[in-house]
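Peer 1: structure of the sequence below:
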Amino acid sequence: MSQPGLREVEHEITVSAPATAVYRLIAEVRNWPRIFPPTIYVDHIAEGAGEEHIRIWATANGEAKNWTSRRTLDPEALRITFRQELPAPPVAAMGGAWVVEALSAGESRVRLLHDYRAVDDDPAHLAWIDEAVDRNSRSELAALKTNLELAHAAEDLTFSFEDTVQVDGSAKDVYDFVNEAGAWPDRLPHVASVRLTEDTPGLQELEMDTRAKDGSLHTTKSYRVTFPHTRIAYKQTTLPALMTLHTGYWTFTENDGGVAASSQHTVTLNTANIAKVLGEGATVEDARQYVRTALSTNSLATLRHAKAYAEKNRD
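Peer 2: So this is what the prediction gives:
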């Protein structure tokens, strides 16, 4: 029997992939920013046998939120239960389960169950949660279906790379330079303007206009999650034409020589736009090199200016 004020909802989708493959994809939360559109970043707080404690940053109805969850994984039953530990208002309590059912050797049903309550059982809050859960559940399931069914085709279109600069300075100073993106128009030649908000400490919304070599301006939007003074993770939500995915992180690792400052990127190419951007006859490999060069050029420029900033502060 349901508790008063408790809402229970279920969404499902059929996927043309084996049930065990579906389960593995859902279980590997570090991949969620690459799989689910609302998810910005996921970090493990603790892991144990069949249990894990995670923190999730995601958008809901256009707003960035973060919360912690505990999950129980049952690979034999193909079931993952979850419970938010510190829900973000207006959510008072949130939990549920992923349930994967084999329909045949190559087809599965994925059921996503939710139960939740609103703060003070407020009807307006409950309506907001209803909309967010329905929107995100449909988005997550649709993305799950797409990514599983296109996994083989997308494998050659997704790639990662990293650039590193050694800095004779402090991790804090290098971190501060990257974290203080609002100052980038004055500090970085390729950045024309920035709109940076941080309504929740450690969770930033960054919209930026950057200059290409030909002088044209390109607007991108990202959400960033900051971990002073070691890491800044991000996910772009407004993307250049040649990408359908761009996630990454900046890391600042102290060593004997000072700090290794790195910028990592994971990209999925948008093949539909290759000819339009690079011309007829351009290949996937051409697009891969173009994107890598463009991203590395900007990342290395930022890292080198951060290096100069940190080494000047050291003196």
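
Peer 1: name the SS class of residue 145, please.
Peer 2: Per DSSP: H, G, I helix; E, B strand; the rest coil, the local secondary structure of residue 145 is helix.

Peer 1: so how far is residue 116 from the closest residue in space to it that isn't next to it in sequence?
Peer 2: Excluding the flanking residues, the one nearest residue 145 by CB to CB, 6 or more residues apart in numbering is residue 15, at 4.9 Å. Using the backbone N, CA and C atoms, a C-beta is placed for each residue, glycine as well. Per CB to CB, to the nearest Å, residue 15 is found 25 Å from residue 116.

Peer 1: do a quick rundown of the strands in the stretch 101-250 of the chain.
Peer 2: With DSSP state E, counting those that start in this stretch, the ranges of strands along the stretch 101-250 of the chain come out as 107-118, 158-167, 191-200, 203-211, 217-227, 231-238, 243-255.

Peer 1: now those in JSON lines, with mean pLDDT and mean neighbour count?
Peer 2: Formatted as JSON lines, those follow (pLDDT from 0 to 100; neighbours: other CB atoms under 10 Å):
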{"stretch": "strand 107-118", "mean pLDDT": "96", "mean neighbour count": "20"}
{"stretch": "strand 158-167", "mean pLDDT": "96", "mean neighbour count": "16"}
{"stretch": "strand 191-200", "mean pLDDT": "94", "mean neighbour count": "14"}
{"stretch": "strand 203-211", "mean pLDDT": "93", "mean neighbour count": "18"}
{"stretch": "strand 217-227", "mean pLDDT": "93", "mean neighbour count": "17"}
{"stretch": "strand 231-238", "mean pLDDT": "95", "mean neighbour count": "19"}
{"stretch": "strand 243-255", "mean pLDDT": "95", "mean neighbour count": "19"}
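
Peer 1: among those strands, which comes closest to residue 284?
Peer 2: strand 158-167 (10.4 Å; CB to CB).

Peer 1: mind putting the strands of the stretch 101-250 of the chain into TSV with distance to residue 263?
Peer 2: TSV is the format used below for these (distance: least, CB to CB, whole Å):
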stretch	distance to residue 263
strand 107-118	34
strand 158-167	5
strand 191-200	15
strand 203-211	14
strand 217-227	13
strand 231-238	10
strand 243-255	5
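
Peer 1: mind checking those for the one nearest to residue 289?
Peer 2: So among the strands of the stretch 101-250 of the chain, strand 158-167 is nearest, using CB to CB, at 10.7 Å.
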